[in-house]
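Here is my input, please return the structure:
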Amino acid sequence: MQLFTKNKQTMMSKKFFSMLAGGTLTMMVVSVMLMSDSIIAGSVIGSDAVAGVTLVTPLYSLAAFFGSVISLGVPILYTTEMGKFNKERADQVFGLGVLMSIIMGVVLFVLTCLFGEMYLHSSSPSEAILNEARGYLFWMRFTILIIPFQSLIAATVYSNGDETVSTIANGVQGLGNISFSIILSHFLGIRGIGLASFTFYVVSVLILLIHFRRKSNTLRWNLYFSPDVLGEVIRYSIIDSSCYLFFAILTAVLNTFIGARYGPEYLILASVITLSREFQLLFDGIGQASAPIFSVYLGEENRSGLRSSYALANRVAIAEGVIVTLILVIIAPFVPQVLNITRPELFGHAVAGIRMAALGATFISLLYTNAGHNYPYLQRKGQPSCIIEKNHGLFLGGLEFTQYKQDEIHLDPGDRILLYTDGVVEAHDKSGGLYGNDRLEKMLDSSRNLTGEQVLQQILNDVNVFAAGVPQFDDITMIVLSIKNQEENT
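Sure thing, here's the model as predicted:
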């Protein structure tokens with residue numbers, strides 16, 4: 001099976017790179033907005049303002065975490081249900097996202113109003129830095145209020161296929177935020193930077209709402225709640241969204257440690273490390289491009305598509321990691337200048353910190369366990385067949401040095417296990433329908449009294465009848481393991 005074709009660009013790869021551009025631009029806007037506030041604060045106001053922005057950054061990242069828990073999971077689950085042609089279920093998923101994003105925004109806003117001042121004091125800042133942080137937080141409270149909802153709408157409009165509106169919204173938000181931050185900071189100081197951020201989050205939402213008036217829109221406004229659906233959404237998003245939680249904790253710990261250990265004048269170094277980490281949020285563009293494609297393939301149970309799209313995403317991730325590392329190493333001496341760091345000892349520490357942070361830019365996340373094959377079927381004597389949903393992971397040979405986990409299952413005489421490749425369940429009929437696991441399971445149950453060889457032949461015959469002359473989609477390989485007693489063996 002060919003995983004990646006170098007000479008011919010497939011429809012999937014074209015769509016991936018198209019969505020990668022939009023996804024990377026989305027994350028670039030997030031990155032630029034986070035970085036631009038610090039850069040503009042340093043250029044226009046001074047290093048105390050930069051430290052003030054960094055003090056507030058954990059609260060912003062915490063809002064991004066809760067927002068991404070919903071905004072990352074909802075599009076994946078929504079697209080998966082649409083891939084299964086289950087529109088009612090997809091609408092419920094979107095309705096839950098709308099409800100939870102509103103609730104999360106309100107709760108975070110209230111908590112920030114109640115405990116924001118207490119949090120700012122936890123890093124032992126100087127009075128000048130504290131005042132800058134207070135001014136920045138004044139408008140950032142309202143940004144925190146809208147972040148979960150804006151993140152959800154941006155992600156769902158994008159995954160709904162409207163790359164044009166998404167790109168326009170991201171471009172306007174990024175450029176508008178930077179331009180108005182520069183202008184307003186000259187008149188309102190650091191409050192002007194916070195005001196610009198909030199204003200263009202609102203503008204972004206207004207632009208994204210255009211999608212809901214287009215004929216291609218499948219999203220339907222509603223409010224819905226179900227603990228089970230919420231659990232599914234979190235399951236899909238918790239790993240990726242946790243990077244924002246990690247970022248919030250890292251920045252808060254850095255602020256507290258540096259302030260307590262070295263004094264408030266060294267808080268600017270936390271800003272430097274934070275800035276380099278914000279730049280690496282560009283990697284999330286790969287996830288945004290991959291998620292809708294993965295979701296459709298999951299809904300269609302198309303494992304071949306998942307394999308090829310994962311291989312492509314992995315190659316792009318490695319390339320982006322190397323590029324980001326090189327960029328950070330090269331620009332490291334210029335960052336302290338932009339942040340208005342003038343003390344020689346702080347300047348040297350800042351450059352070294354950026355370059356050390358750059359070393360972690362290239363990374364590979366490996367999936368784990370049963371070598372990516374379809375889950376096998378277990379047929380116990382006198383019981384219906386069932387899927388063994390144990391360890392599962394990356395297809396065998398997909399990546400060098402991949403480690404696989406083992407598992408055990410007890411088998412008694414009369415039990416059977418069916419191993420099969422995806423060419424069985426992904427066989428197509430003339431209308432494009434899939435043979436599927438349900439039909440395979442029924443065929444296996446109806447063959448209970450046959451020998452292993454007869455079971456394989458009966459399944460193969462049924463697949464051929466189903467396909468009815470349609471060219472074979474993928475390789476078809478099956479193995480039946482039958483457990484016999486000692487009398488049968490002798």
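
Every contact and neighbour count from this point should use C-alpha atoms.
Will do.

check contacts around Lys430.
The neighbours of Lys430, taking Cα atoms under 8 Å, 6 or more residues apart in numbering as the test, are 467-468, 470.

Neighbour-wise, give me the winner out of those.
The most crowded member of those, judged by other Cα atoms under 10 Å, is Ala467 (21 neighbours).

List the contacts of Arg235.
Gly73.

ditto for Arg141
Neighbours of Arg141 in contact, by Cα under 8 Å, 6+ apart: 109, 112-113.

Ramachandran coordinates for it?
phi -60, psi -40 (degrees, to the nearest 10).

Now, of the contacts of Arg141, which are buried?
109, 112 (16 or more other Cα atoms under 10 Å).

now, which of the contacts of Arg141 lie within helices?
Judged by DSSP state H, the subset of these located in helices is 109, 112-113.

Chain neighbours aside, what residue packs nearest to Ala252?
The shortest distance from Ala252 to any non-neighbouring residue, by Cα to Cα, 6 or more residues apart in numbering, is to Pro58 (5.8 Å).

now the helix or strand hosting the one you found, how far from the centre of its chain.
Pro58 belongs to helix 47-83 when assigned by DSSP states H and E. Between the centre of helix 47-83 and the centre of its chain there are 11 Å (Cα atoms, centre = their mean, to the nearest Å).

shaky segments in the protein?
1-34, 83, 277-315, 317-318, 360-375, 388-411, 432, 472-475, 484-490 (pLDDT under 70).

Could I get the full set of strands for it?
377-379, 386-387, 416-420, 478-482 (DSSP state E).

Show me how far the first one is from its chain's centre.
Taking Cα atoms, centre = their mean, the mean C-alpha location of strand 377-379 is offset from the chain mean by 34 Å.

rewinding a little: any chance of TSV for the strands of the chain, columns mean neighbour count and distance to Tyr266?
Formatted as TSV, these follow (neighbours: other Cα atoms under 10 Å; distance: least, Cα to Cα, whole Å):
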stretch	mean neighbour count	distance to Tyr266
strand 377-379	22	61
strand 386-387	15	58
strand 416-420	19	61
strand 478-482	16	64
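
Next, format those as JSON lines and append distance to Val253.
Formatted as JSON lines, those follow (distance: least, Cα to Cα, whole Å):
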{"stretch": "strand 377-379", "distance to Val253": "49"}
{"stretch": "strand 386-387", "distance to Val253": "45"}
{"stretch": "strand 416-420", "distance to Val253": "50"}
{"stretch": "strand 478-482", "distance to Val253": "54"}
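
Tell me which of these sits nearest to Ser446.
strand 377-379 (11.3 Å; Cα to Cα).

Just name whatever secondary elements that closest one is in contact with.
strand 386-387, strand 416-420 (3 or more Cα pairs under 8 Å, 6 or more residues apart in numbering; DSSP states H and E).

what's the residue lying closest to Phe212 once chain neighbours are set aside in contact with, if anything?
Nearest non-adjacent residue to Phe212, counting by Cα to Cα, 6+ apart: Leu219, 7.2 Å away. Contacts for Leu219 (Cα under 8 Å, 6+ apart) come out as 91, 94, 160, 212.
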